[in-house]
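*Asks:* Structure here, sequence nowhere to be found:
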């Protein structure tokens, strides 16, 4: 049996495609109760639901030494099992509440994981939404039954460098971002396991991140107070008069209406133009671009301040 | 979320590239600059571009994302064309006014940019 124990970091569930995006499972084929000495060998009692038999080849996790012991089952009586592992007194505590992995009845074990992607696509100048399952990936575990599933290859396949849109006031960057849901199932020889839904919607953005920065993009999701970071390496982007220009930010799916408050100042710091523009909520839950058209920029403006806030 | 944007006026080679967001900069061809020696570059390999004016260290770091981008395009009268940046790193050269950054840029199928 597998349990999802660790998910990618971040409260907002927005992850970078070019970083490890890991869902971690722990496999336990039986949880141990009351390890005892049976004629010099380990005897264990497991909870119901296991399928060990006489002759099963198993691994037993040693909680004290963080390693496994391998053994063969020599006797079975309902939920009680004798093994050929020589008894040590410390097993009474170090194996209690630990677990076994069944290499015989759970042969060729792996976790299969797939994502369902929700994204915007552009065709013939119009943008539509699609949802599609991608081919699943397989992940095998280590000797302790820990299975780490890095789905970043699946997410990287969803992004490209193609710019979407044509510098309208607001465009969806469907080639740089989208949403996904995760399903998984445990597989081994002879299994009939169904897919299990992880239960949440996640979002991805085409971002390169270092190991230290991690996949977590919480900082880029504006909160209720409006704090958030645009997707830009410049602290102050530069607009060259007369040329196309936009900037990107993430529109949280929990916010239904946004307002762009755009104020233009001349070189003396005097306001020369002010606009408040409602943003179309078709971009909700996505990375989107806000464009500043050449005709929108005031002839005397030397800088522009844009504030994105909830319209409610 | 607040974004502050500075406005510059220049005509030249206008590039956009994607690296953790879309970035834009209007470069100047090397032959237009008095500060570069164009014979140092193989003119058949592409067009040499420079920044055009002083930049801060923070802007230089941001501009270096151009070297890491897999998606660089130049604006032409026909629209956006894919580009290939030939140099692996930005060469930094300080002049009497501050910094100039040079790199070679080859446009895919074209060597002219858009300027009016």
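*Replies:* Good, I have the coordinates. For clarity, every value in this text was computed on a predicted model and none was experimentally measured. Numbers count the residues shown, from 1 in each chain, chains lettered A, B, ... in the order given.
*Asks:* all helices of the chain, in order?
*Replies:* Here I'm looking at chain A. A:91-94, A:152-156 (DSSP state H).
*Asks:* Chain B, not that one
*Replies:* B:57-63, B:65-68.
*Asks:* what's the closest of the ones you listed to chain A?
*Replies:* When the helices of chain B are compared by Cβ to the nearest Cβ, helix B:57-63 sits nearest chain A, at 3.8 Å. The way it works is simple: take the backbone N, C-alpha and C, and place the C-beta from them, glycine included.
*Asks:* can the closest one be found next to chain A?
*Replies:* Yes - using Cβ under 8 Å from any Cβ of the partner chain, helix B:57-63 reaches chain A at B:58, B:59, B:61, B:62.
*Asks:* Whichever of those residues end up buried, select them in PyMOL.
*Replies:* PyMOL command restricting the residues of helix B:57-63 next to chain A to the buried ones, with burial defined by 16 or more other Cβ atoms under 10 Å in any protein chain shown:
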select buried, chain B and resi 59+62
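*Asks:* what's the spacing between residue A:293 and chain B?
*Replies:* In this structure, residue A:293 and chain B are 13 Å apart, going by Cβ to the nearest Cβ, to the nearest Å.
*Asks:* Dump the helices of chain B to a markdown table, plus mean pLDDT.
*Replies:* Shown next, in a markdown table, are the helices of chain B (pLDDT from 0 to 100):
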| stretch | mean pLDDT |
| --- | --- |
| helix B:57-63 | 85 |
| helix B:65-68 | 87 |
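*Asks:* Now those in TSV, please, with extra columns for distance to residue A:232.
*Replies:* Output for the helices of chain B, formatted as TSV (distance: least, Cβ to Cβ, whole Å):
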stretch	distance to residue A:232
helix B:57-63	8
helix B:65-68	9
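*Asks:* Nearest to residue A:58 among the ones you listed would be which one?
*Replies:* helix B:65-68 (49.0 Å; Cβ to Cβ).
*Asks:* OK, contacts around residue A:180?
*Replies:* Neighbour list for residue A:180: A:115, A:116, A:117, A:118, A:155, A:158, A:201, A:202, A:203, A:204 [criterion: Cβ atoms under 8 Å, 6 or more residues apart in numbering or on different chains].
*Asks:* What residue in the stretch 1-150 of chain A comes nearest to chain B?
*Replies:* For the stretch 1-150 of chain A, Cβ to the nearest Cβ, closest residue to chain B: residue A:16, 8.4 Å.
*Asks:* would you list the helices of chain A in a markdown table and tack on mean neighbour count?
*Replies:* Formatted as a markdown table, the helices of chain A follow (neighbours: other Cβ atoms under 10 Å in any protein chain shown):
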| stretch | mean neighbour count |
| --- | --- |
| helix A:91-94 | 16 |
| helix A:152-156 | 18 |
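*Asks:* Now these in a markdown table, please, with extra columns for distance to residue A:146.
*Replies:* Formatted as a markdown table, those follow (distance: least, Cβ to Cβ, whole Å):
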| stretch | distance to residue A:146 |
| --- | --- |
| helix A:91-94 | 19 |
| helix A:152-156 | 18 |
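*Asks:* The ones you listed into JSON lines, with extra columns for mean pLDDT and distance to residue A:211?
*Replies:* Shown next, in JSON lines, are those (pLDDT from 0 to 100; distance: least, Cβ to Cβ, whole Å):
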{"stretch": "helix A:91-94", "mean pLDDT": "91", "distance to residue A:211": "34"}
{"stretch": "helix A:152-156", "mean pLDDT": "94", "distance to residue A:211": "12"}
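*Asks:* I'd like to know which residues of the stretch 151-300 of chain A are adjacent to chain B.
*Replies:* A:160-163, A:176, A:206-208, A:222, A:226-249, A:289, A:292, A:297.
*Asks:* hmm, back to that, among the helices of chain A, single out whichever gets nearest to residue A:82.
*Replies:* helix A:91-94 (13.2 Å).
*Asks:* Need the residues that contact the closest one.
*Replies:* By Cβ under 8 Å, 6+ apart, helix A:91-94 touches A:35, A:36, A:37, A:42, A:62, A:63, A:64, A:65.
*Asks:* Mind checking which of these are in strands?
*Replies:* Members of the contacts of helix A:91-94 lying in strands (criterion: DSSP state E): A:35, A:36, A:37, A:42, A:62.
*Asks:* Now the closest residue to residue B:28 other than its chain neighbours, what are its backbone angles?
*Replies:* Once flanking residues are discounted, residue B:28 sits nearest to residue B:52: 4.0 Å by Cβ to Cβ, 6 or more residues apart in numbering or on different chains. In terms of degrees, to the nearest 10, the main-chain angles of residue B:52 are phi 110, psi -30.
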